[in-house]
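Visitor: sharing a sequence plus its predicted fold:
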Amino acid sequence: MGLLIKCREAHQLVSEGMDRDLSTSERYRLRLHISICDACTRFEKQMQLMRTTLRQLPEHIAQTQDQNDPPAANPP
Ligand SMILES: [Zn+2]
């Protein structure tokens, strides 16, 4: 993996970063990509928002949120 990663890889790092601490180089590559990519900036914000929202829910509800419906908290 080079210094410049693709959106797909950035998305993966964002998702993984929700579950574990990224390594320094992973974080660096992700930040670099996000600094030049609007789509991934939005994706990361959405993931953070979703995680915050899920954390506020009781656990049994959070586990049923596995469908493809994104939370409607952020209309365009
Ligand atoms: Zn991107």
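Guide: Looks like it came in fine.

Visitor: so where's the longest helix in this protein?
Guide: The longest helix of the chain (DSSP state H) is helix 38-56.

Visitor: any idea how far that one is from the chain center?
Guide: 6 Å (CA atoms, centre = their mean, to the nearest Å).

Visitor: tell me what that helix is packed against?
Guide: The contact analysis (3 or more CB pairs under 8 Å, 6 or more residues apart in numbering; DSSP states H and E) places helix 38-56 against helix 7-19, helix 24-36. Heads up, the C-betas are built off the backbone N, CA and C, glycines and all.

Visitor: can I get these in a markdown table with mean pLDDT and mean neighbour count?
Guide: Shown next, in a markdown table, are those (pLDDT from 0 to 100; neighbours: other CB atoms under 10 Å):
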| stretch | mean pLDDT | mean neighbour count |
| --- | --- | --- |
| helix 7-19 | 95 | 15 |
| helix 24-36 | 96 | 15 |
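
Visitor: among those, which is nearest M47?
Guide: Using CB to CB as the measure, helix 7-19 is the one of the helices and strands packed on helix 38-56 that comes nearest M47, at 5.3 Å.

Visitor: give me the angle between that closest one and helix 24-36.
Guide: Helix 7-19 runs at 120 degrees relative to helix 24-36, counting by axes from the mean of the first three to the mean of the last three CA atoms, to 10 degrees.

Visitor: for helix 7-19, which outside residues touch it?
Guide: Residues from elsewhere that reach helix 7-19 (CB atoms under 8 Å, 6 or more residues apart in numbering): 1, 5, 22, 26-27, 29-30, 33-34, 37, 39-40, 43-44, 47, 51.

Visitor: go with 6 Å
Guide: 26, 30, 33, 40, 43-44, 47, 51 (CB atoms under 6 Å, 6 or more residues apart in numbering).

Visitor: could you do stretch 36-53 as well?
Guide: Contacts of stretch 36-53 with the rest of the structure, by CB under 6 Å, 6+ apart, involve 7, 10-11, 14, 18, 33-34, 71.
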